[in-house]
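>>> next comes the sequence, and after it the predicted model I'd like to discuss.
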Amino acid sequence: MKKFLPRLALLAAAAACIGAAQATVITFDKGIDTGFAPFAPLLGHGDEIQTQGFWIDPISTKAGAAPGDLTGALIDGSDLAATCAGLVCPNNNSTHFLAALNDGLPLIGKLSGSDFRLTSFDASFIAASGDIVLPTSLLLRVAGFTAAGSLIALEDIYLPGPVDGGYSFATYSLGAAFASTNVGFVGFYGYACTTSTTCTRSLDKAQFGLDNITAVPEPSVWMLMGLGLASAGALARRRRAA
């Protein structure tokens, strides 16, 4: 029995590490690298921003899209008058957030290329000034892909229209099926609702804000980290004992 105790100790340490694993919450307030987005805070097709170990590509899905076509922006929620001009942005977030504009499609993945699990995010509709918006403003389709680009997870979330003339961020938790799927990258497809039964991506009105995107490392990564730390600890103890 004694010869199994070191292995049990390693597994226990690994399990403890897994339990303590911390999710990454992408906030758009920490060390945004805009080296691949020459006109930031405005973002265009072909641009990329990087933060907290993730890449974010705000692409266009339109036929004939050209590099630099406006697809997004980094908005300062504490100064909407300057950074959200011509738009009606959510008014309950005083930090920075990502805006998807003109039917832009934000894609998000890890710089390391490893898989992760998307569990929740904050989102709000963004209207063009003067537009009439329905009580359900946007169908936000969240898609999870393998690193090779195969669709493996899909969930639809409906964002509300204006309340007292304004919009607000709310937190949306993904269902168990999506949140438990390891993905290589995710995409956020906005469909602006023009009637109670019709939502479209063809009018440049599928605009929305994203913030506090919560990504959890895949379990295999946690296990490897846990076993590595446990092995290092066991080796150190053996050296001390010797």
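Received, thanks. Every value quoted in this text rests on a predicted model; they were computed, and no experiment measured them.

>>> the bottom helix or strand of the protein by mean pLDDT?
When each helix and strand of the chain is scored by mean pLDDT, DSSP states H and E, helix 5-20 comes last, with a mean of 47.

>>> helix or strand for residue 82, which one?
helix 80-83 (DSSP states H and E).

>>> list the contacts for the residue nearest to the spatial centre of the chain?
Nearest residue to the geometric centre of the chain (CA atoms, centre = their mean): residue 213, 4.2 Å. Residues in contact with residue 213, defined by CB atoms under 8 Å, 6 or more residues apart in numbering, are 25, 26, 108, 118, 120, 121, 122. (C-beta placed from N, C-alpha, C; glycine too.)

>>> wait, a helix at the fifth one?
No. When DSSP: H, G, I helix; E, B strand; the rest coil is applied, residue 120 is found to be strand, with no helix at that position.

>>> bridged to it, which residues?
When assigned by DSSP bridges, residue 120 has beta-bridge partners residue 173, residue 214.

>>> please tell me how far residue 47 sits from residue 89.
Distance of residue 47 to residue 89, given as CB to CB, to the nearest Å: 20 Å.

>>> low-confidence ranges in the protein?
Filtered on pLDDT under 70, the chain yields the residue ranges 1-21, 220-242.

>>> packing partners for the following helix or strand past the least confident helix or strand of the chain?
Per DSSP H and E, the first helix or strand lying C-terminal to helix 5-20 is strand 24-26. If you count contacts as 3 or more CB pairs under 8 Å, 6 or more residues apart in numbering; DSSP states H and E, strand 24-26 packs onto strand 54-59, strand 208-217.

>>> for stretch 101-115, C-alpha coordinates in PDB please.
Once non-C-alpha atoms are left out, stretch 101-115 reads as follows in PDB (Å, rounded to 0.1, in the frame of the first residue of the first chain):
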ATOM      1  CA  LEU A 101     -20.100  47.700 -35.400                       C
ATOM      2  CA  ASN A 102     -21.600  47.500 -38.900                       C
ATOM      3  CA  ASP A 103     -22.500  43.800 -38.600                       C
ATOM      4  CA  GLY A 104     -18.900  43.100 -37.500                       C
ATOM      5  CA  LEU A 105     -18.100  39.600 -36.200                       C
ATOM      6  CA  PRO A 106     -15.600  39.400 -33.200                       C
ATOM      7  CA  LEU A 107     -13.600  36.200 -33.100                       C
ATOM      8  CA  ILE A 108     -11.700  35.400 -29.900                       C
ATOM      9  CA  GLY A 109      -9.100  32.700 -29.200                       C
ATOM     10  CA  LYS A 110      -6.000  32.100 -27.100                       C
ATOM     11  CA  LEU A 111      -2.600  33.300 -28.300                       C
ATOM     12  CA  SER A 112      -1.100  29.900 -27.100                       C
ATOM     13  CA  GLY A 113      -3.500  28.100 -29.500                       C
ATOM     14  CA  SER A 114      -4.800  25.900 -26.600                       C
ATOM     15  CA  ASP A 115      -8.500  25.200 -26.100                       C
END
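
>>> starting at the chain centroid, how far to it?
Remark: stretch 101-115 is offset 7 Å from the chain centroid, using CA atoms, centre = their mean, to the nearest Å.

>>> what comes up buried for it?
Within stretch 101-115, the residues that qualify as buried are 101, 102, 103, 104, 105, 106, 107, 108, 109, 110, 115, counting by 16 or more other CB atoms under 10 Å.
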